[in-house]
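Colleague: Okay, here's the prediction I keep looking at, along with the sequence it came from:
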Amino acid sequence: MNVWTEYAADTAEEGRQSMDRMYRLQRHIYDVTRKYYLLGRDQLLRDLNCLPGGSILEIGCGTARNLAIAGKLYPNARLFGCDISDEMLKSAGKNIFASGLERRTRLAQADAVTFNPLSSFGEDSFDRIYFSYTLSMIPSWTQALAHAASLLRPGGELHVVDFGSCDGLPRLAKTTLDHWLTRFGVTRRENLASVGRDIAVEEVLLLSFWHSHRGYAAHLTLFNSAEKTVTQLS
Ligand SMILES: C[S@@+](CC[C@H](N)C(=O)[O-])C[C@H]1O[C@@H](n2cnc3c(N)ncnc32)[C@H](O)[C@@H]1O
């Protein structure tokens, strides 16, 4: 199977150009530099608990650092990654091949808000979907989150890790972090929990929300209970 798929037609061109400009050079040092401040990513990957044969989609997969780890943690899972940046996807493709995961991985260029999983991947729903430090970079992030929630299979889960309230950090550290994030076009989503709650109500999902690393990282999970679907069908 070819790791690449055709570009989705519904890509937001502006977002693509902006992310390509940001990551054209940075992607070469991305994984080395980000490991010290994109905290909580490995916890998210362990929490996926994907069953053998299940499908895992990362939206905003970047260099595929996370997908490569997910591939090791879940050796029988089928892996999917999409990102708006062609530049990031160049690194992602290399990483997937270097990890020997090309036979069970598909990558596609797509915008989180509008992407059509059928045309990108030939799948209409997934067992596990996650955003890792991506919602904080997407202007229409609430729509991206709602769209992802609508793509869950019965029994499926949507996981998010991103910058949290930072309430447990010293005030100076929080202010410095916010200035620095602004330079990279990143905004902490302070209302992630309440937006998640609204989506959970709309889609009839269960929700858990918590912080780690003294509030630095926020974790949201939405569960699409398989029982709910059975009840609705009967
Ligand atoms: C901070 S990086 C995180 C990469 C990866 N998830 C990780 O944890 O290492 C954010 C990623 O989101 C992608 N991105 C930004 N806006 C996007 C959008 N609207 N749709 C899809 N991906 C997007 C960027 O191109 C970038 O690769």
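Modeller: Cool, got the structure. As the structure is a computational prediction, the values presented were derived from the model and not from experiment.
Colleague: if you skip the residues just before and after it, what's nearest to whichever residue of the chain sits closest to the ligand?
Modeller: In the chain, the residue that lies nearest the ligand is G62 (2.6 Å; C-beta to the nearest ligand atom). Using the backbone N, CA and C atoms, a C-beta is placed for each residue, glycine as well. Spatial nearest neighbour of G62, excluding adjacent residues (C-beta to C-beta, 6 or more residues apart in numbering): M88 at 5.0 Å.
Colleague: And for that neighbour, the neighbour number?
Modeller: For M88, the tally of surrounding residues (other C-beta atoms under 10 Å) stands at 26.
Colleague: With T175 instead?
Modeller: Look at T175: counted by other C-beta under 10 Å, it has 12 neighbours.
Colleague: That one - that's part of a helix, no?
Modeller: Yes: applying DSSP: H, G, I helix; E, B strand; the rest coil, one finds T175 inside a helix.
Colleague: Which pLDDT value belongs to it?
Modeller: We have a pLDDT of 94 for T175.
Colleague: so who does it touch?
Modeller: If you count contacts by C-beta atoms under 8 Å, 6 or more residues apart in numbering, T175 has none.
Colleague: Can you give the strand pairings for the lengthiest strand in the chain, parallel or anti for each?
Modeller: Longest strand in the chain, counting residues (DSSP state E): strand 152-163. If you go by DSSP bridges, strand 152-163 pairs up with strand 126-132 (parallel), strand 217-223 (antiparallel).
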